[in-house]
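Colleague: how would this look folded up:
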Amino acid sequence: MAFVVALVLMAAAFAVCMAGAWLVQQRTGNSGWVDTIWTFSLGGIGAAGALWPLQASAPMPRQWLVAALIALWALRLGRHIAQRSAGIADDPRYARFAADWGAEAPRRMFVFLQNQALGSLPLVFAIFVAAHAPRPLDAQDLLGALLLAAGIAGEAVADTQLKRFRSAAANRGRVCDAGLWRLSRHPNYFFQWLGWLAYPVMAISLADPLGYPWGFATLPAPLIMYWILVHVTGIPPLEEQMLHSRGDAYRAYQARTSRFFPWSPRVAADR
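Modeller: All right, here's what the predicted structure looks like:
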């Protein structure tokens, strides 16, 4: 029952946060703040859920570990998105949605963001479930922490490489294919997804998988994050925008570079 109550409370908190994101988007006209608020909301709700006392006792070491990791993830990514949002008039992905919706844009944006809140519940619930796994810290927790740390670090490196590439005047109008961007068209998304593998690793005990059935509730988190990034609000609208702005240069980049998972670039066949 405690897990169900926690899920309901997290759902209500996320709905309120995304209603706030809608208000900010409507007031500023800059939908880039939506992703900023979503990231900080996920981190804040996730950390609060991780530290939630189930039996009126002080948080256990695993709860502190999970709370610290998700807070670190949210602070790093949220700050990056906030800096990016402050430098643009609007996010082209959401702007395209608004253009398609026409006069219905405000109402449909609100519904869209509430659906985003609903779709994010498995993510915050995975954090909650992993934090409350009823066993002492062990090697699986270390592996999970390393996975999430690798995800945070890899995403930070990818973001820095892209920012550095775009800041060089000689690269204006060109497609970034340096560093991690040579191995994947979206290395930042890949590493973001990688971090979500940490929660099943920490929640499902290999020694006794059925000893904590709630642990299996963490499995949807990386699957949903992959679906969102690869098929919904991540890659599809971004690549559509890049094809519009970079044209044949981006088509050539698509032809030689892995879409998501880092891999060696493909070499064009000789003719």
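
Colleague: For the longest helix along the chain, buried residues please.
Modeller: Identified as the longest helix of the chain according to DSSP state H is helix 139-167. For helix 139-167, a neighbour-count test (16 or more other Cβ atoms under 10 Å) marks 140-141, 144-145, 147-148, 151-152, 154-155, 158-159, 161-162, 165 as buried. Where C-beta positions appear, they are placed from N, C-alpha and C, glycine not excepted.

Colleague: how far does that helix sit from the chain's center?
Modeller: Centroid separation between helix 139-167 and its chain, computed with Cα atoms, centre = their mean, to the nearest Å, is 12 Å.

Colleague: Report all helices and strands that that helix contacts.
Modeller: Packed against helix 139-167, as judged by 3 or more Cβ pairs under 8 Å, 6 or more residues apart in numbering; DSSP states H and E, are the following elements: helix 61-86, helix 187-195, helix 198-203.

Colleague: Among those, single out whichever gets nearest to residue 235.
Modeller: Evaluated over the helices and strands packed on helix 139-167, closeness to residue 235 peaks at helix 187-195, with 6.8 Å, by Cβ to Cβ.

Colleague: Now tell me what touches that closest one from outside.
Modeller: Judged by Cβ atoms under 8 Å, 6 or more residues apart in numbering, the contacts made with helix 187-195 from elsewhere in the structure are 73, 77, 147-148, 150-155, 158-159, 162, 180-181, 184, 222, 225-226, 229-230, 234-235, 260-262.

Colleague: With stretch 69-80 instead?
Modeller: 36, 39-40, 42-44, 46-47, 50, 127, 145, 148-149, 151-152, 155-156, 159, 192, 195, 198.

Colleague: any idea how far the spatially most central residue of the chain lies from residue 32?
Modeller: Centroid check for the chain by Cα atoms, centre = their mean gives residue 192 as the closest residue, at 5.4 Å. Residue 192 sits 17 Å away from residue 32, going by Cβ to Cβ, to the nearest Å.

Colleague: One more: residue 190?
Modeller: Relative to residue 32, residue 190 is positioned 22 Å away (Cβ to Cβ).

Colleague: Looks like residue 91 contacts residue 38 (just checking).
Modeller: No - look at residue 91 against residue 38 with Cβ atoms under 8 Å: they stay out of range, at 11.8 Å.

Colleague: Summarise which helices and strands the helix or strand residue 8 falls within is packed against.
Modeller: Secondary structure assigned from DSSP states H and E places residue 8 in helix 2-28. Contacting helix 2-28 under the criterion 3+ Cβ pairs under 8 Å, 6+ apart are the following elements: helix 32-51, helix 105-131.

Colleague: Any chance of CSV for the ones you listed, columns mean pLDDT and mean neighbour count?
Modeller: Putting those into CSV (pLDDT from 0 to 100; neighbours: other Cβ atoms under 10 Å) gives the following:
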stretch, mean pLDDT, mean neighbour count
helix 32-51, 96, 22
helix 105-131, 95, 20
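
Colleague: Turn those helices into JSON lines, columns for distance to residue 14.
Modeller: Output for those, formatted as JSON lines (distance: least, Cβ to Cβ, whole Å):
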{"stretch": "helix 32-51", "distance to residue 14": "6"}
{"stretch": "helix 105-131", "distance to residue 14": "4"}
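
Colleague: closest one to residue 67 among those?
Modeller: When the helices and strands packed on helix 2-28 are compared by Cβ to Cβ, helix 32-51 sits nearest residue 67, at 3.9 Å.

Colleague: how about low-confidence regions in the chain?
Modeller: Applying pLDDT under 70 to the chain flags residues 56, 268-271.

Colleague: how about 90 then?
Modeller: By pLDDT under 90, the low-scoring segments of the chain are 1-2, 32, 53-59, 87-89, 91-99, 173, 232-234, 237, 241, 266-271.

Colleague: Please compute how far the helix holding residue 8 lies from its chain's middle.
Modeller: For helix 2-28, the separation from the chain centroid amounts to 16 Å (computed by Cα atoms, centre = their mean).

Colleague: quick one: buried residues of that helix?
Modeller: Neighbour counts over helix 2-28 (16+ other Cβ under 10 Å) mark 6-7, 10-11, 13-14, 17-18, 21-22, 25 as buried.

Colleague: Throw those into a markdown table and include distance to residue 66, thanks.
Modeller: Rendered in a markdown table, the data for the buried residues of helix 2-28 read as follows (distance: Cβ to Cβ, whole Å):
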| residue | distance to residue 66 |
| --- | --- |
| 6 | 14 |
| 7 | 16 |
| 10 | 14 |
| 11 | 19 |
| 13 | 17 |
| 14 | 18 |
| 17 | 20 |
| 18 | 23 |
| 21 | 24 |
| 22 | 29 |
| 25 | 30 |
